[in-house]
Each structure stands twice: as structure tokens, then as C-alpha cells.
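*Asks:* fold the following and give me the result.
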Amino acid sequence: MILGIEGVSCVGKTTLAARLATHLNRPAIVPCYYHASPDPTRLPAPEPFTADHQLANIAQFLDIEDLRLARTRQALAEGRDVILDRTVDTLLAHAHAVGRMNGFDCDDQARSLVTSRPVAMPDLTIVLTADPDVLARRARLRKGMPTLFYDRHFSEHFNAYLVHPLAPAVVLLDATSGSLDDLTTRALDHVQRHRPAQHRTSPALGTHPLKEAS
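*Replies:* Have a look, this model is predicted:
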């Protein structure tokens, strides 16, 4: 299966992905856009102030999505599960959030742009949420973290989009409620329920019907 892990920065996506990986079928963890980029220094600034700039940014990130999609297809061809550290819905959630914060709305154009290209679409996306104060404390420990990424309003708008994303199945989990073991158990319960029926008992090798955005 393809599992997406979503949420704003510092919420614990990479940590959860590593924990889940030990329970899946030889999973390939596809890194986020920043770490998948051939040159992260060339990525656009996180807060564009016009719709045109935001759409241009999405087009640039979709080139990175091509690389992520290739890694996903290769893993599926090998009969492996895939964990996406961020999904293409991140691009739309970001556009929604910065648009609401800066007085523009390019949601429809952004969605059209994303759905015009093949992308790695998860069977299930787990969206992690956390108290903004917790995120701010964690962000202060990360050198160079843009303040936008742990702004309370950004988080609210970002998560609001993820209630109705492109992904066909979405679960929101509070990453600060209970221990990491508890979070992993809750996540695995949803993974098992959303795994394609023929693979629920024991993940078998074979092909996977890779979905595309529509």
C-alpha cells in the first residue's frame, strides 16, 4: 500500500514514519520535497504574497514530485509498501494557508495544476496535529526554521484544507495525545483497515494499482 504522513513542520511525521516502517512490508520511505530536491537551496521562499507566485512555486515542487513518483513506482514494482513523508496534498494545503493569510485565493487553480500531472496518491493519509505551543517549542530547536511553519494561523488553515484533500482516505491523529507507542498503535489500526483487502492478512508481493490525482 501507499501510506501518506501529513501535517505541519515539527509535528512528528518523520518519527512516526520510522516507527511504522518496522511494521510494514519492506517499506520505501519517500522523503519530503525538501529532502527529495536535488538542490534544496533553489527551493522558493515559503510565503509568496500573490497567487501567481504561489502557482509558480507549486509548478516547481511538482518537478520534485516527479522524482518522488519514480521512487514510489519502483518500490511498488518490487512488491514493497511505500511511506510518503508528505504527499502532494501538502502543496495544496500550503497554498490554501498562505492564501488565507495574505488575502488571495488560488485553491482552484492550484488543484487544477496538481491534478494535471501524475502524482503518488496514497491509499491512506494520516494527518498529525499538535498544539501550536508545542510546535513552537519544537521549532525553536531547529536552526533556520521559518516562523511561518509554526505560526498558529498557518497551522489552522493548513489543517483545514486537509479535512477534504485529494487523498481518498484521511485520518487525523493528535500527535501529542498519549505516548509515541500509543500513536503508533492508533496509526497501525487505521493502516490495517485501509490496506487493500487482498493484503490485509499478510502483505504479498505483487503490483499495486497506483492512483493518480483527479
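
*Asks:* spatially central residue in this protein, please.
*Replies:* Nearest to the geometric centre of the chain sits residue 86, at 2.1 Å (CA atoms, centre = their mean).

*Asks:* now it, nearest residue through space, not along the chain?
*Replies:* Closest residue to residue 86 apart from its sequence neighbours, by CB to CB, 6 or more residues apart in numbering: residue 32 at 4.3 Å. Bear in mind the C-beta positions are built from the backbone N, C-alpha and C, glycine included.

*Asks:* what comes up buried for the helix or strand of the chain with the lowest mean pLDDT?
*Replies:* Here the helix or strand of the chain ranked lowest by mean pLDDT, DSSP states H and E is helix 132-139, holding a mean of 77. For helix 132-139, the neighbour count (16 or more other CB atoms under 10 Å) marks 132, 135-136, 138-139 as buried.

*Asks:* buried stuff in the helix or strand following it?
*Replies:* Following the chain from helix 132-139 toward its C-terminal end, the next helix or strand by DSSP states H and E is helix 152-161. Within helix 152-161, the residues scored as buried using 16+ other CB under 10 Å are 154-155, 157-159, 161.

*Asks:* swap in stretch 34-47?
*Replies:* Result for stretch 34-47 [16+ other CB under 10 Å]: buried residues 36-37, 47.
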